[in-house]
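Peer 1: Sequence below, structure please.
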Amino acid sequence: IPAESSVAGKRGFRWRRPRHALTGRQDRDAVDRIGLRLRLRKAQAAAGDITLLFGDEAEALTHPYLAQAWARRGADLRIQAPGQAKKVALMGALDAVTREVSVHTACTKRSADFVALLETIERRYGPEASGPIRPVVLVLDNGPVHTSKLTTKAFAARPWLTVEWLPKYAPELNEIERAWRDLKRHYLAHRTFADAKDLEATIHHAVITMNRERTQTPSCDSLRSAA
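Peer 2: Just a heads-up that it's a prediction; the model follows:
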């Protein structure tokens, strides 16, 4: 623990941590096995043999998202937000090499919305896309929208795309979770939005800004490789 954290803790403050834990839920053998497989996939992507994407869903609300922050012990962190919160669903895919995020927004998280993300991926990485043609590997969990009949049919219609399935309760293996965290913590936190359209426009603008910053800043993996 950094010295400043200890000092802050002694002064009656604490760092708000997530409440959920995965203790006892994971199959550690499966997590280790898929983790090794993903490291091999990342090596293939870095060599230019495949395009590796990490996909998942998230959601954002017109009412404020409260990011982690220092607060006095016992304090109830709240922001007044009138009216009922409206939700925007995000379907996304993170490129393991460029670190760019492709996002499709909708009012629901249904199979049809996920298929719309597959169409976005196809336009960017599929056979008709500009640039070198590579097999695409999409990392996904076993969520209902990923395993539905409509989605299975959409996968079958895209032979250039292979799905790498994650074990249950293993969000740490899906690198897009970090992108969702950055989006919410740095672009959507501690602010309200007039309506769902305002929130949706802010999300797309934030994703453009994130992608610009990610392509200009070397990733940790690239820095390790250079060292």
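
Peer 1: Tell me which stretches of the protein form strands.
Peer 2: Per DSSP state E, the chain carries strands over the ranges 13-15, 51-61, 70-72, 87-95, 101-106, 136-140, 161-165.

Peer 1: Just want the angle from the longest one to strand 161-165.
Peer 2: Interaxial angle, strand 51-61 versus strand 161-165 (axes from the mean of the first three to the mean of the last three Cα atoms, to 10 degrees): 70 degrees.

Peer 1: Partner strands of strand 51-61 and their direction?
Peer 2: Taking DSSP bridges as the criterion, strand 51-61 sits next to strand 87-95 (antiparallel), strand 136-140 (parallel) in its sheet.

Peer 1: quick one on the thing from earlier: nearest to R185, out of the strands of the chain?
Peer 2: Among the strands of the chain, strand 51-61 comes nearest to R185, with 11.8 Å by Cβ to Cβ. Any C-beta I mention is one placed from the backbone N, CA and C, and that applies to glycine too.

Peer 1: Could you dump the strands paired with strand 51-61 into TSV with distance to H204 added?
Peer 2: Converted to TSV, these look like this (distance: least, Cβ to Cβ, whole Å):
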stretch	distance to H204
strand 87-95	10
strand 136-140	21
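
Peer 1: now those strands as a markdown table including mean pLDDT, mean neighbour count and distance to V103?
Peer 2: Formatted as a markdown table, the strands paired with strand 51-61 follow (pLDDT from 0 to 100; neighbours: other Cβ atoms under 10 Å; distance: least, Cβ to Cβ, whole Å):
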| stretch | mean pLDDT | mean neighbour count | distance to V103 |
| --- | --- | --- | --- |
| strand 87-95 | 96 | 22 | 5 |
| strand 136-140 | 98 | 22 | 15 |
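
Peer 1: With L40 as the reference, name the closest of those.
Peer 2: Nearest to L40 among the strands paired with strand 51-61 is strand 136-140; the distance by Cβ to Cβ comes to 10.7 Å.

Peer 1: For the closest one, which outside residues touch it?
Peer 2: Applying Cβ atoms under 8 Å, 6 or more residues apart in numbering, the contact partners of strand 136-140 are 38, 41, 45, 50-56, 93, 121, 125-126, 146, 160-166, 173-174.

Peer 1: what about stretch 57-66, distance to the chain center?
Peer 2: Taking Cα atoms, centre = their mean, to the nearest Å, one finds stretch 57-66 lying 13 Å from the centre of the chain it belongs to.

Peer 1: Equivalent analysis for stretch 165-173, please.
Peer 2: The mean C-alpha position of stretch 165-173 is separated from the chain mean by 13 Å, Cα atoms, centre = their mean.

Peer 1: next one: stretch 151-158
Peer 2: Distance, centroid of stretch 151-158 to centroid of chain: 22 Å (Cα atoms, centre = their mean).

Peer 1: And that stretch, what's buried?
Peer 2: T151, A154, F155, R158 (16 or more other Cβ atoms under 10 Å).

Peer 1: ok, now which ones touch the last one?
Peer 2: Contacts for R158 (Cβ under 8 Å, 6+ apart) come out as L118, E122, G126.

Peer 1: And the spatially closest residue to the second one that is not a sequence neighbour, its phi and psi?
Peer 2: In space, not counting the residues next to it along the chain, E122 is nearest to R158; the distance is 6.6 Å by Cβ to Cβ, 6 or more residues apart in numbering. Main-chain dihedrals, R158, degrees, to the nearest 10: phi -130, psi 80.
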